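Chemist: After the sequence you'll find the predicted model.
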Amino acid sequence: MNFTLSNRARSITFGLMILGAVATVVGILGDHTDHHQRTWASLLVTGLFFFGISLGALFFYALQNATETGWTVLLKRVFEGIYSYLPIGAISLVIVLAAGSMHWHHIYHWMDHTLYHEYMIGEGHDAQYVDEAVQGAVANPNYDVLIANKKAFLNQPFFWIRTLMYLGVFIFFARWFRNQSLQLDKETGESLVKRMLMNYRRSALFLVFFAVFSTTLAWDWIMSIDTHWFSTLFGWYVFAGMFCSAMITAVILVLYLKRKGYLPQVNNSHIHDLGKWVFATSFLWTYLYFSQFMLIWYSNIPEEVTYFQERINNHPWMMWGTFFINFLVPMVLLMSRDAKRNPRFLVFVGSIIFIGHWMDVNMMIMPGSLGHDFHGVGLLEIGMFMMFLGIFMYAVLNTLTKAPLTVVNHPYLDESIHHQI
Amino acid sequence: MANKVIYAVYEDPEQLKDGARKLVSNGVKVKDTWSPFPIHGIDPIIGIKRTRLAIAAFMFGITGTSLALLGMWYMNIFDWPMNIGGKPSQALYKNLPAFIPVTFEFTVLCAAHGMAITYMIRNKTLPGMPARNPDPRSTDDKFIIEVRTADNHGHSAEAITSLLRETPVFEINERQY
């Protein structure tokens, strides 16, 4: 059965885009930060959040292939829909990062090349920066020894090589998986099994790339905002947030499709299992968040503690609120079996933690990029969120219309139809 | 008439499920089934109530959380205030992050052990308890339905047996008890 985009869904998505765009423009007019830093930062927050959702979905999809999981076969097209947003998310990220490279904003403080040289000759814009105390050189007041020590990793060419490599690899695999999935529909018998096994091997290969890239992309795009600070756990924490948001999106999307009468073979057990994933990934996120926080809190080392000092001293409510919403709401409300089998309740809880994880990305990026100019989420951020939500929803639903909503041929299709727990 | 227990032996869990469905749809109450591994979806067919083990596990977990926090509060804050890592806050909520790992572990410990022990007591399978399995083959490759005539006054043993014969049953054993 093919999905058709209803007029209502179309007007809602376009409504969100237009309303969001208007709110964003009003927000930008009220943005008096230096270099419109707040606009850029909120573009980064929301762009990264939705990019992370599709990346999390791609990860989950590859995980299902690599583990040869049977029950998710019916839902493959839904995940393909979610990760089809990946190229659009990549464009929004590249815009922010490129703007940083061109010094249109200073979210990435380390992109300032003057930080890396100990001495300078001359003054102002004409100054030349040198590494040694040559004739006529004076100490460079901008020199930052901590950032200069990271030059081997944090320099623009290498940063761009990495960024383009992540995006290239993710988009390549996303397109490949999608094509394979469409090919599988046309085949039967031995060639079907062969293609599935090829999917299995490629997915395992993707997971190897993803394991490294999910950590380093978090360093590059998020952790380098607070350039002086570092945390080895940060990559996992960012990844857990992406994974959780992706699972929430999947649950809500599947329930929407079911309500519209699509996916008739998806039963309570599938919904229950997706609910378990939301519950489990929420705990994964909490576990990593807390592991990072507790070690830093306990040891209280100056170079580590800056990140939380900034957030606890200036935004205690937002920081703890985000943590407790993303932890307690799923824990208390999604623990029981009945809750995970109740569509309305799942959508309600899912929406709360969906916003919670967006707030979490805000907490990662905003204090570091805006410093004292960050006073919380306002019209600009909400407008940006609505605009991206509209684009995301349209991209996902539009992809769903292009192929049958459930796969036609798959060795595990029968197992998935009879999934019962 | 003495009460009889009938064991219908199947070679496949799906055949067993079909057999159980047939019995239940004819108004026969199935006492239990025996199998080498859990048969998915058998519980609603033979009318077994949802397990309450999850509730027990939750209670055990809450007990663990409270005991761990109480213990650490008493030892490290009330009875002998400790200055660990330069944090002499002497208040449970201020030192809480340091206590969370132990609390978490103790919660898991209590929930897991409590749940396992409760499960074994409820199933009468604590170590050393006599095996209640009617047929050793049900631990290997056979799937067995148990029907008792005492539960089915409306049906004779012969009627139940002939119902079972209509399904792909491997063998039927009757015993007095």
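Modeler: Arrived safely.
Chemist: Just checking the lengthiest helix in chain B against chain A, any contact.
Modeler: Counting residues, the longest helix in chain B under DSSP state H turns out to be helix B:96-122. Yes. For helix B:96-122, a contact with chain A is found by Cβ under 8 Å from any Cβ of the partner chain, at B:P97, B:A98, B:I100, B:P101. For glycine as for every other residue, the C-beta is placed from the backbone atoms N, C-alpha and C.
Chemist: which strands and helices sit next to the helix or strand hosting A:F50?
Modeler: With elements delineated by DSSP states H and E, A:F50 resides in helix A:37-66, which encompasses its position. The criterion is 3 or more Cβ pairs under 8 Å, 6 or more residues apart in numbering or on different chains; DSSP states H and E, and the helices and strands that helix A:37-66 contacts are helix A:7-29, helix A:76-83, helix A:86-101, helix A:156-184, helix A:189-221, helix A:234-259, helix A:343-370, helix A:379-400.
Chemist: Going by neighbour count, which of the residues of helix B:96-122 next to chain A comes out on top?
Modeler: Neighbour counts for those, by other Cβ atoms under 10 Å in any protein chain shown, peak at B:A98, which reaches 18 neighbours.
Chemist: Residues of the stretch 201-350 of chain A that sit close to chain B?
Modeler: A:F290, A:F293, A:M294, A:W297, A:Y298, A:S299, A:N300, A:M335, A:S336, A:R337.
Chemist: Leaving out chain neighbours, which residue sits closest to A:T286?
Modeler: A:F327 (4.3 Å; Cβ to Cβ, 6 or more residues apart in numbering or on different chains).
Chemist: burial of the one you found, as a residue count?
Modeler: Using other Cβ under 10 Å as the criterion, A:F327 is surrounded by 19 other residues.
Chemist: quick one: the host helix or strand of it to helix A:234-259, angle?
Modeler: For A:F327, the element it lies in under DSSP H and E is helix A:316-333. On the basis of axes from the mean of the first three to the mean of the last three Cα atoms, to 10 degrees, helix A:316-333 is oriented at 50 degrees to helix A:234-259.
Chemist: For the residue most central in space within chain B, give its distance to B:K31.
Modeler: The residue at the geometric middle of chain B, judged as the C-alpha nearest the mean C-alpha position with Cα atoms, centre = their mean, is B:Y119 (5.3 Å). Relative to B:K31, B:Y119 is positioned 20 Å away (Cβ to Cβ, to the nearest Å).
Chemist: about what we covered before: tell me who's in contact with the residue nearest to the centre of chain B.
Modeler: For B:Y119, the contacting residues are B:L53, by Cβ atoms under 8 Å, 6 or more residues apart in numbering or on different chains.
Chemist: how about 10 Å then?
Modeler: For B:Y119, the set of contacting residues under the criterion of Cβ atoms under 10 Å, 6 or more residues apart in numbering or on different chains consists of B:T51, B:L53, B:A56, B:A57, B:T125, B:L126.
Chemist: now swap in A:L233 and tell me
Modeler: Applying Cβ under 10 Å, 6+ apart to A:L233 gives the contacts A:T215, A:A218, A:L288, A:Y289, A:S291, A:Q292, A:F293, A:L295, A:I296.
Chemist: among the residues you listed, which are in helices?
Modeler: The subset of the contacts of A:L233 located in helices under the criterion DSSP H comprises A:T215, A:A218, A:L288, A:Y289, A:S291, A:Q292, A:F293, A:L295, A:I296.
Chemist: Leaving out chain neighbours, which residue sits closest to A:F392?
Modeler: Leaving out its chain neighbours, the residue that sits closest to A:F392 by Cβ to Cβ, 6+ apart is A:F50, at 4.9 Å.
Chemist: Up against chain A, what does chain B have?
Modeler: With the criterion set to Cβ under 10 Å from any Cβ of the partner chain, chain B comes near chain A through B:40-41, B:44, B:50, B:54-55, B:58, B:84-87, B:96-101, B:104.
Chemist: residue in the stretch 251-400 of chain A nearest to chain B?
Modeler: With distances taken as Cβ to the nearest Cβ, the stretch 251-400 of chain A approaches chain B most closely at A:M294, which sits 4.7 Å away.
Chemist: didn't that residue look like it was pressed against B:I100?
Modeler: Yes. With contact taken as Cβ atoms under 10 Å, A:M294 and B:I100 are classed as touching, separated by 6.6 Å.
Chemist: Determine the number of other residues adjacent to residue 5.
Modeler: Since you didn't name a chain, this refers to chain A. Summarising burial for A:L5: neighbours were counted as other Cβ under 10 Å, giving 13.
Chemist: try chain B instead
Modeler: For B:V5, the tally of surrounding residues (other Cβ under 10 Å) stands at 18.
Chemist: Got phi/psi on A:N142?
Modeler: Here the main-chain torsion angles of A:N142 (degrees, to the nearest 10) amount to phi -80, psi -10.
Chemist: burial of it, as a residue count?
Modeler: By the criterion of other Cβ under 10 Å, A:N142 has 15 neighbours.
Chemist: how near is the nearest residue to it once chain neighbours are set aside to B:T51?
Modeler: Residue nearest to A:N142 in three dimensions, not counting chain neighbours: A:T114, with 4.5 Å by Cβ to Cβ, 6+ apart. When distance is defined by Cβ to Cβ, A:T114 is 67 Å away from B:T51.
Chemist: Quick check: the gap between the closest residue to A:A148 other than its chain neighbours and A:V145.
Modeler: Computed as Cβ to Cβ, 6+ apart, the closest residue to A:A148 that is not its neighbour in sequence is A:Y116, at 4.8 Å. Distance from A:Y116 to A:V145, counting by Cβ to Cβ: 10 Å.
Chemist: Same question for B:G128.
Modeler: When Cβ to Cβ is the yardstick, B:G128 and A:V145 sit 69 Å from each other.
Chemist: quick one, which of the two is more surrounded?
Modeler: Comparing B:G128 with A:V145 by other Cβ under 10 Å, the one with more neighbours is A:V145, at 9 against 5.
Chemist: surely that one meets A:L115?
Modeler: Yes. Between A:V145 and A:L115 there is a contact under Cβ under 10 Å: 9.3 Å.
Chemist: what about the strands in chain B?
Modeler: In chain B, the segments counted as strands under DSSP state E are B:4-10, B:32-34, B:143-148, B:171-176.
Chemist: Strand partners (parallel or antiparallel) of the last one?
Modeler: Counting by DSSP bridges, the strands paired with strand B:171-176 are strand B:4-10 (antiparallel).
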